[in-house]
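In: Compute the structure for the input listed below.
(chains A and B)
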Amino acid sequence: AQSVAQPEDQVNVAEGNPLTVKCTYSVSGNPYLFWYVQYPNRGLQFLLKYITGDNLVKGSYGFEAEFNKSQTSFHLKKPSALVSDSALYFCAVRPGSSNTGKLIFGQGTTLQVKP
Amino acid sequence: GAVVSQHPSRVICKSGTSVKIECRSLDFQATTMFWYRQFPKKSLMLMATSNEGSKATYEQGVEKDKFLINHASLTLSTLTVTSAHPEDSSFYICSARPRGSGSHLTGELFFGEGSRLTVL
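Out: Now for the predicted structure:
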């Protein structure tokens, strides 16, 4: 079965420290990978995506993610966390075999950045 | 660019009534829109794929007669929750991908702000 896993329900970091939000996937074909952020009672905002090319992808608000094919992972990172980064983060994948464009989402990770 | 608008953002209705939620792509055309349901602090559950000019494709376990989807134009899809019950209370989110964006199948989805439905 095709799936996306975010093993951490919540990640807590202090402001200024680096942060990592983990994501692993299991899909057929070459995956297209995405990260989205959701603030309370809002829709999802696109952060970044990996389609092909460099394994390290840079996105919005200083976030980046590294695609690791051997580990089937696409962890989200930021060198220095801000309190305003506190939100719900979703990893998503579009299977390479899909022709509809629909995404499979992980269960989400709540990021809490404390001052 | 690539703004998706959902309306209403919040709706409260009585059990047994029907509620319509609109999803509009404001500055682009979308042949495909997706409807998701989100439970509190939970992930997004894809309900259906809405295709312009044709019937929606529903995910397994989603009642198509309960959740009516109409994609009447390239900028509008609607979700109607028929005969709503308290268990239908949830946060419903739509998404769309710009048509002819050059990365039609690899590009990211753009999401609406969501609609919170509360059924009393």
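In: where does chain A have its least confident helix or strand?
Out: In chain A, no helix or strand scores lower on mean pLDDT, DSSP states H and E than strand A:104-105, which sits at a mean of 89.
In: Outside of the helix or strand following that one itself, which residues are in contact with it?
Out: Later in the chain than strand A:104-105, the nearest helix or strand by DSSP states H and E is strand A:109-114. Around strand A:109-114, the neighbours that count as contacts under C-beta atoms under 8 Å, 6 or more residues apart in numbering or on different chains are A:6, A:8-15, A:19, A:21-22, A:81-90, B:41. Quick note: C-beta positions are derived from backbone N, CA and C, even for glycine.
In: Which neighbouring elements make contact with the least confident helix or strand of chain A?
Out: The helices and strands touching strand A:104-105, judged by 3 or more C-beta pairs under 8 Å, 6 or more residues apart in numbering or on different chains; DSSP states H and E, are strand A:3-5, strand A:87-94, strand B:44-51.
In: For the first one, give the mean pLDDT please.
Out: Within the predicted structure, the mean pLDDT of strand A:3-5 is 92.
In: returning to what we had before: could you flag which of the contacts of strand A:109-114 are buried?
Out: A:6, A:8, A:11, A:13, A:19, A:21-22, A:81, A:85-90 (16 or more other C-beta atoms under 10 Å in any protein chain shown).
In: Mean neighbour count, the helices and strands packed on strand A:104-105: which tops it?
Out: Among the helices and strands packed on strand A:104-105, strand A:87-94 has the highest mean neighbour count (mean count of other C-beta atoms under 10 Å in any protein chain shown), at a mean of 24.
In: between that one and strand B:44-51, how big is the angle?
Out: 50 degrees (axes from the mean of the first three to the mean of the last three C-alpha atoms, to 10 degrees).
In: Run through chain B and note the low-pLDDT ranges.
Out: B:1, B:100-106 (pLDDT under 70).
In: Pull up the residues of it that are close to chain A.
Out: Proximity of chain B to chain A, by C-beta under 8 Å from any C-beta of the partner chain, involves residues B:4, B:6, B:32, B:34, B:41-44, B:46, B:49, B:57, B:91, B:93, B:95, B:97, B:103-114, B:116.
In: Drop anything exposed from those residues.
Out: For those, buried by 16+ other C-beta under 10 Å: B:4, B:6, B:32, B:34, B:43-44, B:46, B:49, B:57, B:91, B:93, B:95, B:97, B:107-114.
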